[in-house]
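S.K.: Pasting the sequence and the predicted coordinates here, then a few questions.
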Amino acid sequence: MAVRRLAPDAVQPKSFAFAPETEAWLVEQLTKFPEGRQASAVIPLLWRVQKDCGNWLPQKAIEAVAERLAMPYIRVFEVATFYTMFNLEPVGKFYIQMCGTTPCQLRGSDAIKKVLSRKVGAPHHVTEDGLFSWIEVECLGACCNAPMVQINDDYYEDLTEENFETLLDDLAAGRAVRKGSQTGRVSSEPTQSVHTLQDPTLYDGSRVGAWKKRFEEEAIRKAAEAKEAERRAEAEAAAATKEAAVEPKPGKPDSGRATATPVADAPAQRAAAGERPVDPGARVTASEDDTRTTVDPKAVEEEEEMATRLAALPKDATNEDKANAVGERPAGLDAPRGGDADDLKKILGIGPANERKLNELGVYHYDQIAGWERPQIRWVGAYLAFPGRIDRENWVEQARALAAETKTS
């Protein structure tokens, strides 16, 4: 970033005063900002003052802006030196900013720079007649029409060495000049072989009129179709009403009533129907022809006994009360042997939650589960609130296998 300094004292004016027009403009601008926020007007005020001073900012003007906005001088000085749109030294009446960035350079900005050096002089130099000065700047955003320059507030594009010299001569002589493209190009259209937007109806309004008429005709057609559909629906409804009046349809007295569905074949539903409930996890035996299975009578008797005992308990009975009613609590340990419990989660059906509950019962090892009999299985099943699961997932056999594996290892 370039270092920006104020102009030498030799060219600095000794005083500065706001023009009456600028003062009136400033009063109007300050009404746009809340009380105490007048400093927000510093950039537009500096821009206005720069216009009044011949397109540059003397030090006295910067000081006057600071005083008028009740800002420290250094704050206004920082703004003026930061933004390159503020000129800190005198410039010509026609202040030329030449873009030298890559797109313009590829399109011939070096030739434009040679013209400026020949007709104006070095950058930042003001001609003796005060008409011209120039600098090279970064991209000005008109790359499609490169090379280009900005003179005061206007862009001049599609420059060549010849038409740029003519432009400078016309400005010096006070003749009217063309702003924008110097070759007559419209906006950023292609420079050669223009084949687009050739249809005059795109510009004289007739094309838009044709589109509008088409949309109006389409709307009329859709409205007519909708009206015809409504007329047909009314006619069909009238015909149906007439037919119903002549030959009424037979009534359906059961219409809308609930349809009975079979009772689910679950233990609770079977018990409610007076049938003997069957535990889904009860032990079964295969028939001789192995085409069906029959429920083990002992298992059925066991489940009936459990159901009777549970039915005698109060409704607010806890899981432990239910377990004590149907089985025998397994013996537990105060702590795992050797301080190292087995990983009970290796048994299919025991997750982290069930492992924690078993540990709370003092069950830490595979061999404890392997030693459970029917009373212990029934007690734990009721306590964990899933009777029959221990049998279905065969915890005891799994525990025996794991205990044997642990013992051998």
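M.R.: Okay, I see it.
S.K.: Would you map the helices across the stretch 151-300 of the chain?
M.R.: Secondary structure of the stretch 151-300 of the chain (DSSP state H, counting those that start in this stretch): helices at 161-173, 201-204, 206-246, 267-272, 297-311.
S.K.: Including mean pLDDT and distance to Glu89, could these go into TSV?
M.R.: C-beta: built from backbone N, CA, C; applies to glycine. What follows is these, written out as TSV (pLDDT from 0 to 100; distance: least, Cβ to Cβ, whole Å):
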stretch	mean pLDDT	distance to Glu89
helix 161-173	89	21
helix 201-204	68	47
helix 206-246	82	53
helix 267-272	55	98
helix 297-311	77	102
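S.K.: Pipe the ones you listed into a markdown table and attach mean neighbour count and distance to Arg374 per row.
M.R.: Listed next are the helices of the stretch 151-300 of the chain as a markdown table, based on neighbours: other Cβ atoms under 10 Å; distance: least, Cβ to Cβ, whole Å:
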| stretch | mean neighbour count | distance to Arg374 |
| --- | --- | --- |
| helix 161-173 | 15 | 108 |
| helix 201-204 | 10 | 94 |
| helix 206-246 | 10 | 70 |
| helix 267-272 | 13 | 19 |
| helix 297-311 | 15 | 7 |
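S.K.: Tabulate those helices (JSON lines), appending distance to Ala122.
M.R.: Conversion of the helices of the stretch 151-300 of the chain to JSON lines gives the following (distance: least, Cβ to Cβ, whole Å):
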{"stretch": "helix 161-173", "distance to Ala122": "16"}
{"stretch": "helix 201-204", "distance to Ala122": "47"}
{"stretch": "helix 206-246", "distance to Ala122": "54"}
{"stretch": "helix 267-272", "distance to Ala122": "103"}
{"stretch": "helix 297-311", "distance to Ala122": "107"}
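S.K.: OK, contacts around Leu159?
M.R.: Gly108, Ile112, Pro147, Met148, Val149, Leu167, Gln182 (Cβ atoms under 8 Å, 6 or more residues apart in numbering).
S.K.: Setting aside sequence neighbours, what's the nearest residue to it?
M.R.: Pro147 (5.0 Å; Cβ to Cβ, 6 or more residues apart in numbering).
S.K.: and that neighbour, how many neighbours does it have?
M.R.: For Pro147, the number of neighbouring residues by other Cβ atoms under 10 Å comes to 28.
S.K.: ok, now Ile151?
M.R.: If you count neighbours by other Cβ under 10 Å, Ile151 ends up with 21.
S.K.: distance of it from Leu313?
M.R.: Counting by Cβ to Cβ, to the nearest Å, the separation of Ile151 from Leu313 is 101 Å.
S.K.: before we move on, what about Glu405?
M.R.: Here the criterion is Cβ to Cβ. By it, Glu405 lies 40 Å from Leu313.
S.K.: between those two, which one's more packed in?
M.R.: Leu313 (14 against 11).
S.K.: Mind telling me what element the more buried one is part of?
M.R.: Of the helices and strands defined by DSSP states H and E, none includes Leu313.
S.K.: give the contact list for it.
M.R.: If a contact means Cβ under 8 Å, 6+ apart, then Leu313 has Asp321, Lys322, Ala325 as its contacts.
S.K.: Quick one: low-confidence residue ranges for the protein.
M.R.: Segments of the chain classed as low confidence (criterion: pLDDT under 70) are 1-2, 194, 202-211, 244-296, 299-300, 409.
S.K.: Over to Ala80. Which of the three states is it?
M.R.: Three-state secondary structure (criterion: DSSP: H, G, I helix; E, B strand; the rest coil) places Ala80 in helix.
S.K.: Thought Leu46 was touching it, still the case?
M.R.: Yes: shown here, Ala80 and Leu46 form a contact pair, counting by Cβ atoms under 8 Å, at 6.0 Å.
S.K.: overlap in contacts of these two?
M.R.: Residues touching both Ala80 and Leu46 (Cβ under 8 Å, 6+ apart): Leu57, Ile62, Phe86.
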